[in-house]
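> Build me a model from this:
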Amino acid sequence: MSEFSLIEKYFSDIGQKRQDVLLSVGDDAAIVDVENLKQLAISVDTLIAGVHFPENTSAYDIGWKSLAVNLSDMAAMGAQPCWVTLAIALPKPEQRWLEQFSQGFSELAKKNNVQLIGGDTTRGTLSVTVQIIGHVESEQILKRSNAKVGDRIFVTGNLGDAGLALQSYLKNISLSESDHENVYARLNRPEPRVAFALAQKHLINAAIDISDGLYADLAHILKASSVGADIQFDQIPLSETYQKYLVDHKPYDLALAGGDDYELCVTVPECHVEEFRANAKLTDCKCTEIGSIVEGDKLSFWDKFGNNYTLQSQAYDHFPKDKR
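This is a model prediction of the structure:
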C-alpha cells in the first residue's frame, strides 16, 4: 500500500466534521476559518513505543491515547479543542493495525468535536505525534502561574491506577484478571477532562494536567506562581483496586509520582469553592479537595494527625542528569 492510498483510506475522514474546516486532508496544508476566534491554544505531544506505551498495546488504544494526551493539555488551559494534525511513523503498513488505530483516534475525536485536518506518514520505529489547536477567551485562559495563597487544591478522578498498570506490565505486581482490565483501561484510555474544565474555568485560578504525577506537576504550578502547598496525603483519591494491591507498599508513591493519570489539578479561590463543588457534581466528574496553596516555595505532604509523608519515587525524566 502506498503512502497516499494509506492516508486516503485510514486518515481522510477522522473525527467530527467541522464547518470551520475549509480544506482538510489531501492538500499540502489545511485551511481553517478562525475569523471569529481571538486566542488560539496550540500543543503537541509525541508518543513512542516502549516509552509512552507498552509495545504490546493495542492499535485502538494507541490511537485513543495519542489524542487523549493532547486533549488533556487543552483541558488544562481551559481551551475548546478544534483541530488536530497527526504524524505517524510505522515499521510497515498493516491494514488491521491501521483500521484499529484510526477507530480509536476517531472515536475520541468525535466525542470532543475535533477533526483531523492533516499530517504525515513515514516508515520507522512506531511513534505518533499529534498537534492540537483550540481556542480560548483571553480572560479565561488557565495558567500555571496564577495560583494564589489561600487557594484550595483539587484533583479530578483517581490517581495511581495507570502507574499500577505499568508496575503490572513490569512484573512488579501481579493483578487479578478483572483488576488488570480496570487499571489497564486507565493507562490506555484516559478520559481527558475537557467538559469539566470548560464548565469550571471561570472559577479556577491555576491548572495543570497530571501527566508526570501529581508531585511533579503540582510543583510546576508552585514554581510558576512563586508559592508553596500543603497537601493532605490521606485525601489523595485512590481506587479500590489501587488500595487493594498497595496496602503493604509505600501506599501513596504511585499516586504521587506514577504518571499517566491525565487528570487535572486545579487551584480554586476560597470564594468560589462552594460553586466549584456544585458544578463538579453537574459535570459528573469526581473531584477531591487535597490541600491548599500557602506562602513560601515548599510542597509538603501531611495527614490529618500532622504526620509527614516523604516520597521515595521520582517522576519519569526523558533526560535525567546522571545520563549522558
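> Quick one: list the elements packing against the longest helix seen in the chain.
Counting residues, the longest helix in the chain under DSSP state H turns out to be helix 59-77. Secondary-structure packing of helix 59-77 (3 or more CB pairs under 8 Å, 6 or more residues apart in numbering; DSSP states H and E): strand 40-48, strand 80-90, helix 95-111, strand 127-135, helix 177-188, helix 194-200, strand 206-210, strand 263-268. Using the backbone N, CA and C atoms, a C-beta is placed for each residue, glycine as well.
> Let me have those in a markdown table, extended by distance to Leu246 and mean neighbour count.
As requested, the helices and strands packed on helix 59-77 are exported to a markdown table (distance: least, CB to CB, whole Å; neighbours: other CB atoms under 10 Å):
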| stretch | distance to Leu246 | mean neighbour count |
| --- | --- | --- |
| strand 40-48 | 27 | 16 |
| strand 80-90 | 34 | 22 |
| helix 95-111 | 29 | 19 |
| strand 127-135 | 31 | 22 |
| helix 177-188 | 11 | 18 |
| helix 194-200 | 27 | 21 |
| strand 206-210 | 18 | 26 |
| strand 263-268 | 18 | 27 |
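> Tell me who's in contact with the closest residue in space to Glu270 that isn't next to it in sequence.
Counting by CB to CB, 6 or more residues apart in numbering, Gly150 is the residue found nearest to Glu270 once chain neighbours are left out, at 5.7 Å. Neighbour list for Gly150: 269-270, 292-293 [criterion: CB atoms under 8 Å, 6 or more residues apart in numbering].
> And the contacts of stretch 217-225?
Residues contacting stretch 217-225 (CB under 8 Å, 6+ apart): 143-148, 153, 206-211, 228-229, 231, 265, 267, 293, 297, 299.
> at 6 Å instead, please
144-145, 147, 206, 208, 210, 229, 265, 299 (CB atoms under 6 Å, 6 or more residues apart in numbering).
> buried ones in that stretch?
Under the neighbour-count criterion of 16 or more other CB atoms under 10 Å, stretch 217-225 has 217-219, 221-222, 225 buried.
> thinking again about what came up before, what would the contacts of Gly150 look like in a markdown table with distance to Lys281 and neighbour count?
What follows is the contacts of Gly150, written out as a markdown table (distance: CB to CB, whole Å; neighbours: other CB atoms under 10 Å):
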| residue | distance to Lys281 | neighbour count |
| --- | --- | --- |
| Pro269 | 19 | 16 |
| Glu270 | 19 | 11 |
| Ser292 | 21 | 18 |
| Ile293 | 23 | 24 |
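> what's the closest of those to Asp73?
Ile293 (22.3 Å; CB to CB).
> For the helix or strand hosting the closest one, C-alpha coordinates in CSV please.
Using DSSP states H and E, Ile293 maps to strand 287-294. Provided in CSV are the C-alpha atoms of strand 287-294 (Å, rounded to 0.1, in the frame of the first residue of the first chain):
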residue,chain,number,x,y,z
CYS,A,287,-13.4,16.0,42.2
THR,A,288,-11.5,15.9,45.5
GLU,A,289,-10.0,18.6,47.7
ILE,A,290,-6.5,17.6,48.7
GLY,A,291,-4.9,20.8,50.2
SER,A,292,-4.2,24.5,49.9
ILE,A,293,-1.8,27.0,48.5
VAL,A,294,0.5,28.6,51.1
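> Tell me which strands that strand pairs with, and in which orientation.
Its sheet considered, strand 287-294 pairs with strand 152-156 (antiparallel), strand 228-232 (antiparallel) by DSSP bridges.
> what mean pLDDT does the following helix or strand past it have?
Next helix or strand after strand 287-294 toward the C-terminus (DSSP H and E): strand 299-302. Strand 299-302 shows an average pLDDT of 93 in the prediction.
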